[in-house]
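Undergrad: have a look; sequence and predicted model below, questions after that.
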Amino acid sequence: MQRYVIRRLVQMVPILLGISIVVFALLAAAPGDQVDLLLSGVPGITPADVIRLKHVYGLDEPPHIRYVKWLERAAQGDFGWSRTYREPVSTLILDRLGNTVSLAAGALVLALAVAVPVGIYSALHQYSALDYAATLFTFFGVSVPVFWFGIMLIYLFGVNWHLLPPGGINSPGVTPGLPLVADRLKYLPLPTLALGLVFMASFTRYTRSSMLEVVRQDFVRTARAKGLPGRVVIRRHALRNALIPLVTVLGVAVPGILAGAPLTETVFSWPGVGKLLVDSTLGADYAVAQGIIMFIAVMAIGANLLVDIAYGILDPRIRFD
Amino acid sequence: MATNGEILLEVRDLRKYYPVTKGFIFQRQVGAVKAVDDISFFIRKGETLGLVGESGCGKTTTGRVILRLQEPTAGQALFEGRDIFKLGKEELRRLRRDMQIIFQDPYSSLNPRMTVGDIIGEPLEIHRLARGKEKVRRVQELLEVVGLSPYHANRYPHEFSGGQRQRIGIARALAVNPKLIIADEPVSALDVSIQAQVLNLLEELQKEFGLTYLFIAHDLSVVKHISDRIAVMYLGKIVELAETEELFSNPQHPYTEALLSAVPIPNPELRRERIILPGDVPSPINPPSGCRFHTRCLYAQPSCKVNEPPFADIGGGHYLACPVQPFKHQRSKAAVLSKQPAKR
Amino acid sequence: MADPLLSVRNLKTYFYTDEGVVRAVDGLSYDLHRGETLGIVGESGSGKSVHALSVMRLIPTPPGKIVDGQILFEGRDLLKLSDEQMRRIRGNRIAMVFQEPMTSLNPVLTIGEQIAEAIILHQHLDKRAAWTRAAEMLERVKIPLARQRVKDYPHQFSGGMRQRVMIAMALSCNPSVLIADEPTTALDVTIQAQIIELMRELQRDFGTSIIMITHNLGVVAEMCDNVVVMYAGRPIETTTIKRIFQEPKHPYTWGLLHSVPKLYERRERLIPIEGQPPSLIDLPPGCSFAPRCPFAMEICVQADPPDFPVGPTHTAKCYLYSDKATEKEKKAAAAAGLAASSLSGS
Amino acid sequence: MARLPASGSPAVPRPGPGRARLEPAQGSGQGFWALAWYRFRHHKVALAGAAVVLVLVLVTLLAGPIAPYRFEDIDLTARLRSPSWRHLLGTDTIGHDVFTRLLYAGRVSLLVGFSAAVAAASAGILIGATAGFYGGWLDNVLMRITDVSLALPDLPILIVLSKYLGGSVAGIVFVISLFAWRGVARLVRGEVLKLRGQEFADAARALGATDLRILARHLVPNTLAPVIVAATLIVGGAILTEAALSFLGIGIQPPVPSWGNMLQNAQDFILSAPRRRPQGRSGPPAQALGHRAGSRDA
């Protein structure tokens, strides 16, 4: 198992390298760089200034050289300098990462907490009223875009009923410490629900179908033939087999949640890396965009690794491979 | 059966190993599954050679490698004197008119998206044997040959039962007028009452078209019924090969003997003491050294662990890969069987 | 003879599907006595496996339903028991072994856990004692190093070994009836021989009555005392093992025996049963075998024949043995080898 | 990627006799399409979804005749009007008729959705079928790339990309298909791998069929059912992605209407003029709902 984990960790290196190359290439291929933007923004700039500035920023070098230099610095934790925020990219990202992670984790936990029980109930009471309701909810959940649902939440809870703040992350002027945490709790529910809805729906669907499939398996019949009571058959024999595959779905969900973050954060003015990505892209702040994508990639691939390991722990067929 | 002794197919030293690899992007080979490991045999024109063995013994792989559905690791397969394994792409395509295959699973062996007429007509199309009306006529003829009706041509496979599907598969194989048919467990997925229909059909077709069969199966009674000679495989090796009557009345390999005694006989009067082999078939990844059967053999000698027995003729075309022939007198256990009426 | 241990009376199990009502079991009756091995023989779709699940009351409902009949076990009708009462019988007094050893064990639990849970449930032993008993049972079914292997998972066993585990599990509470549903069909012939041998030995030791469900006539001949032959959900012939092979009375049984190739018999052309098994949705009104029967008479397509006694312990569901058949028809059948036939030599 | 437990086990159970088959074996007398149609008709949700999609397609295609105004028409005297007979769904901040723009935006969305699905599915089939059929290092490399990129959150990368490539409908379609083919490719590859091992593929080879013939006649047609399902999901996904990008201001640019940029407009307005109903609320969700429902199990 240990060797397996180490091997997987080593495998992550070429993957991340590949991603960084792709992202770097995409950005390098994009028309217009920082200096070109300056050109249109600053009056009175001369062609000579452009050449000089490009040399200062190293933009006159071929892309592969620039990539190697970027990589060298990135390996030391230096992802460059943000033009708009006038801060190191790494500081910028690290400041906001916590906000995004807490939002994503909240959404994931919420989704699981609702989906697993509902999915199991739905499967065990197929064609019941609640099963139909759950199916309907599933359709709704996977069809509704995060940003529309978010706006609706803001409109209803924030604007119409004044129950919760319509956006932001904290009320102004709250003292740090416990009051801040209490205040934060008011701001969390809406974005968490908006981001979590899709996953709630798809997890419910997955749990339901997984459970339905397992219940039809031969070994469940064997368990019944032993005379075990229905709940024991479900709890001991069906449940674990049905939930193990759910771990895989979690692995896919983490990148999905990170993908949903820019939208949710924009809708709710939540200062996380997602919103930062949107803002910096709109503002052509490449260094920031590249840094964020690398961070997100690391998190997604790391989540995948965790899923693989969890699978190995949960499923003896893989554990003893 | 009309065999004039001419050899149609000769297989020499055939090996098929599947590499066992490890690694993420750069895969390296860490071992090999020796599915078929150095086997030799021949089939005469017009005869049926039965290839029998338990699951994983390599009998199916043998059939597929001969047809080059899988590439061999080593060896030769001479079909009418030409080495199949040396043929180029185009030559191989032409050879496919002479060698055909019938599959085990009547469900997966027919393309569910094609009508029966398209399925049987495809070989005619590929080899440009018939087109248009002529093709339709040929297809209808073939359907009748295998005992179906011409109007079945417009239907889809899922509208047929297992036995009927197997007939469709046979018609497809017959479409190119092959000389050799490799029948890979053709009846083992069928119900007993249907098995007999298909076996009879295969026998009739052999007579009518002078076909040669390599008949692969795990069911000894079926193989016995249809074969002129039988080869017994164990873990990638042929351990014994002889004329059917000879093999059944005078089995020499301890594995053959055990296999014969393991078959339950549908006759309650014949409840007999049987030879029960201990344990399971070992993995073909690391087959036992020496004679592969030594781990389960009741007569194994210390030397069996070390020396791989040669596969040699012990007289009268009876081939055997076992150095110990101890049981001519020890075969009392199966003696009941010899009370059967004489077979010739 | 004493009262039967298990007595099935006119069992009917139907499946209600979109295509129509599938009459999977349609009027099955038999008696199983103590210490007896009863073979239930039939091809796929004959209802033999559905019958087994019916006895265990494990028919998935919907779509399946036991619509009629009685299953008398030690005098009690299992179909009238509450779920709770039935649960106490399942795995305890009546146990079952399934066809597919590869999928019948839970992949995420050790085999020790899986055997022990039935013992804890029915024998009320504590966990430690149950595990000891589980290990003993594995030893009884001749699994090497049984005491260590209780901690292993199913995927660490081969198919034959898993079937041994299934048998150990089924016998762990010392049931009086063991229903074995094609226990050797998925196994290789040398492994099949091991399992048959094992079951015979265990039956001797435990005195369990066995219902052996199979399509393999050889397995029947090796193991059973009496036989019920099923066709299209109905029992068509019931008798002792000797008579079924020597004097099969029903044309279907007769045809079945002649259509399988024999290992030790002179090679001859097989006599197949022509045609296809009927669909269980639209059964013909008369005898369900009539469309394939070489001896079918006019009456056969009009009415479903009842059981006719054809010997002291022998019934056949065929009009040939009634006064409905003329002497000429009987003679024709006899001439073809039926009725008078004894399987020469075999 | 996590591996699912392999069902392969040492002794492969033979599909022997004695196993009950409940599927109708003979005599049902229908071809494959008839059967598919039969199943579809009996699936109420699928039918309802298809109906919604059909209505939407018709309505948006007929946007010209149906819509009371042109989408770029502005009535500065009638801004932020509530729904009325003149403006069925009211007007937006600069006096566009919302109903008209909703119809035209639907046209853009459907165009983006279907084009992306067709492009992605074609590319996916081509790449997946090649990888699955030929295997080897090509397959290995291709699938590692797909695996990794599937583990990546696509929207952030799309955001960056569409900043440069987006703006126009064609650009958006290109960017979305750039990411959507992977799923199809993996699906087709998996199916082809599975089918390649089926005996009918071997039969075709044994008959002397060329690789191309095996692929085109035997393998790919048998993968189409799941591909069509996947493609309908891409339609829905692409519509959502386009909406998301436009919502963020990097997709379709005004004055061309898109459900995404209309929502962006609506959001500004909700927060600034809190007492009004947001507009366009029935647009994308209903559309996507129809798609998802229609594609499920179809």
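TA: That came in fine, so what should we check first? Residues are numbered from 1 along each chain as shown, chains lettered A, B, ... in the order given.
Undergrad: can you give me the helices in chain B?
TA: Under the criterion DSSP state H, chain B carries helices at the ranges B:59-66, B:89-95, B:116-126, B:132-145, B:162-174, B:192-209, B:220-226, B:244-249, B:254-262.
Undergrad: how about residue A:77, secondary structure?
TA: coil (DSSP: H, G, I helix; E, B strand; the rest coil).
Undergrad: that one reaches residue A:90, doesn't it?
TA: Yes - the pair residue A:77 and residue A:90 qualifies as a contact (C-beta atoms under 8 Å) at a distance of 5.8 Å. Just so you know, the C-beta spots here come from the backbone N, C-alpha and C atoms, and that holds for glycine as well.
Undergrad: quick one: which of the two has more around it?
TA: Ranked by neighbour count (other C-beta atoms under 10 Å in any protein chain shown), residue A:77 and residue A:90 place residue A:90 first, with 17 against 9.
Undergrad: so which bits of the stretch 1-150 of chain B are right by chain C?
TA: By C-beta under 8 Å from any C-beta of the partner chain, the residues of the stretch 1-150 of chain B that approach chain C are B:54-55.
Undergrad: residue A:224 contacts residue A:233, doesn't it?
TA: Yes - between residue A:224 and residue A:233 there is a contact under C-beta under 8 Å: 5.8 Å.
Undergrad: show me what contacts residue D:244?
TA: With contact set as C-beta atoms under 8 Å, 6 or more residues apart in numbering or on different chains, residue D:244 has these partners: A:145-147, A:263, D:155, D:251, D:260.
Undergrad: pull out the buried positions in the helix or strand hosting it.
TA: According to DSSP states H and E, residue D:244 maps onto helix D:220-248. For helix D:220-248, burial by neighbour count (16 or more other C-beta atoms under 10 Å in any protein chain shown) applies to D:220-223, D:227, D:230-248.
Undergrad: now do it, average pLDDT.
TA: For helix D:220-248, mean pLDDT rounds to 85.
Undergrad: now swap in stretch A:149-158 and tell me
TA: 85.
Undergrad: same check, this time on stretch B:10-24
TA: In this model, stretch B:10-24 carries a mean pLDDT of 84.
Undergrad: buried ones in it?
TA: Under the neighbour-count criterion of 16+ other C-beta under 10 Å, stretch B:10-24 has B:10-11, B:14-18 buried.
Undergrad: and which of those is nearest to chain C?
TA: residue B:18 (19.7 Å; C-beta to the nearest C-beta).
Undergrad: dump the residue contacts of the closest one.
TA: B:32-33, B:35.
Undergrad: out of the residues you listed, who has the most neighbours?
TA: Among these, the one with the most neighbours (other C-beta under 10 Å) is residue B:35, at 23 neighbours.
Undergrad: isn't it right up against residue B:63?
TA: No - in this structure, residue B:35 is not within contact of residue B:63 by C-beta under 8 Å, at 11.6 Å.
Undergrad: longest helix in the chain, by residue count?
TA: Unless you meant another one, I'm taking chain A. Chain A, longest helix under DSSP H: helix A:89-124.
Undergrad: other chain: chain D
TA: If you go by DSSP H, chain D has its longest helix at helix D:98-134.
Undergrad: next SSE after that helix?
TA: helix D:136-150.
Undergrad: now residue B:192: closest residue in space that isn't a chain neighbour?
TA: Excluding the flanking residues, the one nearest residue B:192 by C-beta to C-beta, 6 or more residues apart in numbering or on different chains is residue C:260, at 5.5 Å.
Undergrad: and what of residue A:116?
TA: Distances taken as C-beta to C-beta, 6+ apart place residue A:207 nearest to residue A:116, at 5.5 Å, with adjacent residues excluded.
Undergrad: what secondary structure does that neighbour sit in?
TA: Three-state call for residue A:207 (three-state DSSP): helix.
Undergrad: kindly report the same for residue C:104.
TA: coil.
Undergrad: OK, contacts around it?
TA: A:218-219, A:221-222, C:98, C:162, C:166.
Undergrad: now the two most distant members of these.
TA: The distance between the two most remote of the contacts of residue C:104 (C-beta to C-beta) is 15.0 Å, for A:221 and C:162.
Undergrad: these two - which one has more neighbours?
TA: A count of neighbours by other C-beta under 10 Å puts residue C:162 above the other of residue A:221 and residue C:162, at 24 against 21.
Undergrad: could you export the helix or strand that the more buried one is a member of as PDB, CA atoms only?
TA: Using DSSP H and E, the element containing residue C:162 is helix C:159-171. Extracted C-alpha coordinates of helix C:159-171, given in PDB (Å, rounded to 0.1, in the frame of the first residue of the first chain):
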ATOM      1  CA  GLY C 159     -14.200 -21.100  -8.100                       C
ATOM      2  CA  GLY C 160     -14.100 -24.600  -6.800                       C
ATOM      3  CA  MET C 161     -12.900 -23.400  -3.400                       C
ATOM      4  CA  ARG C 162     -15.600 -20.800  -3.300                       C
ATOM      5  CA  GLN C 163     -18.200 -23.400  -3.900                       C
ATOM      6  CA  ARG C 164     -16.800 -25.300  -1.000                       C
ATOM      7  CA  VAL C 165     -17.200 -22.200   1.100                       C
ATOM      8  CA  MET C 166     -20.800 -21.900   0.000                       C
ATOM      9  CA  ILE C 167     -21.400 -25.500   1.000                       C
ATOM     10  CA  ALA C 168     -19.700 -24.900   4.400                       C
ATOM     11  CA  MET C 169     -21.900 -21.900   4.900                       C
ATOM     12  CA  ALA C 170     -25.000 -23.800   4.000                       C
ATOM     13  CA  LEU C 171     -24.300 -26.700   6.300                       C
END
